[in-house]
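Participant: The following block contains a protein sequence and its predicted model.
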Amino acid sequence: MNMLWWQTVGTGNCHLVLLHGWGLNAEVWNCVSEELASHFTLHLVDLPGYGRSRAFGAMSLAEMARQVLDAAPQKAIWLGWSLGGLVASHIARNNPERVQALVTVASSPCFSARDAWPGIKPEVLAGFQQQLSEDFQRTVERFLALQTMGTETARQDARTLKQTVLSVPMPTVEVLNGGLEILKTADMRAPLVTLPVPHLRIYGYLDGLVPRKVVPLLDALWPASESRVFAKAAHAPFISHPQEFCPALIALSQRLD
């Protein structure tokens with residue numbers, strides 16, 4: 001049986017599940033986990049195929065969501081960063097009774113650029129898929145560098161992300177390609193219009209992967225959701241701005257009481 005790597009820390013009344021992004025693992029939350037564990041019961045997970053959950057092969061978004069949900073507490077705030085945001089969104093959309101609130105961080109319901117929709121050009125994602133088979137390590141490093149570009153702490157943040165990748169086993173090329181395929185094809189804009197749980201969306205103004213232009217579009221499409229834009233952050237706002245990130249989550253939990 002394939003086992004999902006899962007760690008629970010903290011003793012708060014409110015459960016908070018953290019889902020990482022493409023190519024990474026739960027170690028990416030090290031910069032905020034201590035602070036959050038003093039307020040929440042915190043659940044750290046390596047997504048199927050990533051980090052210490054490496055025994056899994058490539059999965060669809062629905063399969064990934066099911067594996068994670070099966071291991072989760074009965075009710076929690078679900079927070080997903082980037083690709084993890086799609087997994088958390090899928091869970092909130094299909095199992096709202098298990099979700100106190102959804103938090104998406106530097107995530108888009110549709111990462112790929114479409115007609116009148118800002119995002120990553122499909123050929124860029126296709127290029128990453130091609131490059132993965134040619135130079136696995138360099139491709140992952142390029143993707144990590146993109147995530148911090150433009151911030152005042154870009155070099156340091158990129159180093160943090162690289163250390164996170166290297167600290168545990170790397171995903172296989174098959175799993176990484178599967179993740180890029182989800183980023184390339186998923187479109188949850190319409191399904192989330194009727195989301196019956198609170199939804200907080202956190203963005204970095206300097207994000208090169210999830211353009212800030214999506215924020216007003218989603219404000220209009222999902223008027224019941226709330227958006228926060230961190231002015232000097234890029235794709236990893238919890239790494240560059242933990243002093244803004246943690247209070248936003250704590251405030252959300254207090255509103256849910």
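Facilitator: Thanks, I have the structure now. Numbering: from 1, shown residues only.

Participant: From residue 116, how far out is residue 41?
Facilitator: With distances taken as Cβ to Cβ, to the nearest Å, residue 41 is found 42 Å from residue 116. In short, each C-beta sits where N, CA and C put it, glycine included.

Participant: neighbour-wise, which of the two wins?
Facilitator: residue 41 (18 against 6; other Cβ atoms under 10 Å).

Participant: show me what contacts the more buried one?
Facilitator: 8-16, 73 (Cβ atoms under 8 Å, 6 or more residues apart in numbering).

Participant: Top of the residues you listed by number of neighbours, please.
Facilitator: Among the contacts of residue 41, the one with the most neighbours (other Cβ under 10 Å) is residue 16, at 26 neighbours.

Participant: Isn't that one up against residue 76?
Facilitator: Yes - between residue 16 and residue 76 a contact is recorded at 6.3 Å, counting by Cβ atoms under 8 Å.

Participant: list residues touching both of these two?
Facilitator: residue 43.

Participant: Would you list the phi and psi of residue 203?
Facilitator: Phi and psi for residue 203, reported as degrees, to the nearest 10, are phi -130, psi 160.

Participant: need the strands for the stretch 151-257 of the chain, in chain order.
Facilitator: 199-204, 226-230 (DSSP state E, counting those that start in this stretch).

Participant: average pLDDT for the first one?
Facilitator: Taken as a whole, strand 199-204 has an average pLDDT of 98.

Participant: Mind listing the strands that strand pairs with, and their directions?
Facilitator: Using DSSP bridges, strand 199-204 pairs in its sheet with strand 99-105 (parallel), strand 226-230 (parallel).

Participant: after the longest one, next one along is what?
Facilitator: In other words, strand 99-105. The helix or strand immediately downstream of strand 99-105 is helix 122-134, counting by DSSP states H and E.

Participant: coming back round to it: reformat the strands paired with strand 199-204 as TSV; add mean neighbour count.
Facilitator: TSV is the format used below for the strands paired with strand 199-204 (neighbours: other Cβ atoms under 10 Å):
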stretch	mean neighbour count
strand 99-105	25
strand 226-230	17
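
Participant: Can I get those strands in CSV including distance to residue 190 and mean pLDDT?
Facilitator: Output for those, formatted as CSV (distance: least, Cβ to Cβ, whole Å; pLDDT from 0 to 100):
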stretch, distance to residue 190, mean pLDDT
strand 99-105, 16, 98
strand 226-230, 18, 98
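
Participant: For residue 174, which of those is the nearest?
Facilitator: strand 99-105 (26.1 Å; Cβ to Cβ).

Participant: Need the contact partners of stretch 216-226.
Facilitator: With contact meaning Cβ under 8 Å, 6+ apart, stretch 216-226 is reached by 109, 117-118, 189, 192-193, 195, 198-201, 227.

Participant: can you rerun that using 6 Å?
Facilitator: The contact list for stretch 216-226 (Cβ atoms under 6 Å, 6 or more residues apart in numbering) reads 199-201, 227.

Participant: same thing with stretch 8-18?
Facilitator: 29, 37, 39-44, 72-73, 76-79, 253.

Participant: Let me know the closest of these to residue 243.
Facilitator: For the contacts of stretch 8-18, the nearest to residue 243 is residue 39 (14.5 Å; Cβ to Cβ).

Participant: That closest one contacts residue 250, doesn't it?
Facilitator: Yes - under the criterion of Cβ atoms under 6 Å, residue 39 makes contact with residue 250 at 5.2 Å.
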